[in-house]
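Chemist: from the sequence below, what's the structure:
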Amino acid sequence: MAGRTDPEETRQEILSATLKLLSENNYSGISMGTIAKVCKITKPAIYYHFKNKQDLFEQLTLYIMEKVNGIVAEHTELSARVRLTGICDSLFKAAVQSPYVVSAYLTMITDPGFKYLHEVEEFIAQFDQLNVAIIQIIKRGISSGEVNPDIDPEVTARIYQSTILGFLENSIFQQKSSLPTPSLLVNLLFSGIEHR
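Modeler: The predicted structure is shown next:
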């Protein structure tokens, strides 16, 4: 990274290096010195872009959440089944292309070092945005008659997200590269919620 003059490029490289380190370590196992060493810059150069370690990890978390929310927003199909299948497919593809992103995300939501995120308004807003988007897809499915009106959209959204996360976690931590086809996963969900 030495010789970089574009501050935004340097910032992105710091985030990328931290993301990769987080896929291999927990929060307390990563120091600013380690990040500087990986980036081949000085610690003060990191502090130019981020106030402290907590700020760096907050920005990293928001970066990941924005990516996930962007994937969800890309899918605008009318059918709830098609939309949920497309979102699952995009998330699985993103996980295969950048497995360290998923690993880092899983660390962030399970590592006690990230407890403070539950007090960061922007993180809460990003996390809520994801939940609301999935709930809205299911509610639209109910409105269109595609989904059983007796189901709870919030519970169904949690089941959907948890199932995807579970398969991603299994593929990363148990090093099983085989993910189910998104249509199989969504078809199984719909066999319980479809309006017949």
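Chemist: could you pull out the helices for this structure?
Modeler: In chain order, the chain shows helices spanning 7-22, 32-39, 43-49, 53-74, 80-97, 99-110, 121-143, 153-173, 182-193, with DSSP state H as the criterion.
Chemist: least reliable of the ones you listed going by mean pLDDT?
Modeler: When the helices of the chain are compared on average pLDDT, helix 99-110 comes out lowest at a mean of 80.
Chemist: okay, buried residues for that one please.
Modeler: For helix 99-110, the buried set under the neighbour-count rule, 16 or more other CB atoms under 10 Å, comprises 99-108. For the C-beta atoms, the positions are set from N, CA and C on the backbone; glycine is no exception.
Chemist: for that helix, the distance to its chain's centre please.
Modeler: Centre-to-centre, helix 99-110 and its host chain are 8 Å apart (CA atoms, centre = their mean, to the nearest Å).
Chemist: and that helix, what does it pack onto?
Modeler: Taking 3 or more CB pairs under 8 Å, 6 or more residues apart in numbering; DSSP states H and E as contact, the helices and strands that helix 99-110 lies on are helix 7-22, helix 53-74, helix 80-97, helix 153-173.
Chemist: so what's the closest residue to Y47 other than its chain neighbours up against?
Modeler: Distances taken as CB to CB, 6 or more residues apart in numbering place M32 nearest to Y47, at 7.7 Å, with adjacent residues excluded. Neighbouring residues of M32 by CB atoms under 8 Å, 6 or more residues apart in numbering: 43, 46-47, 53, 56.
Chemist: D111 now?
Modeler: Residues in contact with D111, defined by CB under 8 Å, 6+ apart, are 26-27.
Chemist: before we move on, the earlier item: tell me which of the helices and strands packed on helix 99-110 sits nearest to K115.
Modeler: Closest approach to K115 among these is made by helix 53-74 (11.2 Å; CB to CB).
Chemist: got the contact list for the closest one?
Modeler: Here helix 53-74 has contacts from 14-15, 18-19, 22, 27, 30-32, 35, 46, 49-50, 86-87, 90-91, 94, 101, 104-105, 108, 114, 116-117, 120, 122-123, 126-127, 129-130, 133-134, using CB under 8 Å, 6+ apart.
Chemist: pull out the buried residues from those residues.
Modeler: By neighbour count, with 16+ other CB under 10 Å, these hold 14-15, 18-19, 22, 27, 30, 32, 35, 46, 49-50, 86-87, 90-91, 94, 101, 104-105, 108, 114, 117, 120, 123, 126-127, 130, 133-134 as buried.
Chemist: returning to that earlier point: would you mind measuring from the residue nearest to Y47 to F167?
Modeler: The gap separating M32 from F167 is 34 Å, by CB to CB, to the nearest Å.
Chemist: what of V38?
Modeler: In terms of CB to CB, V38 sits 30 Å off from F167.
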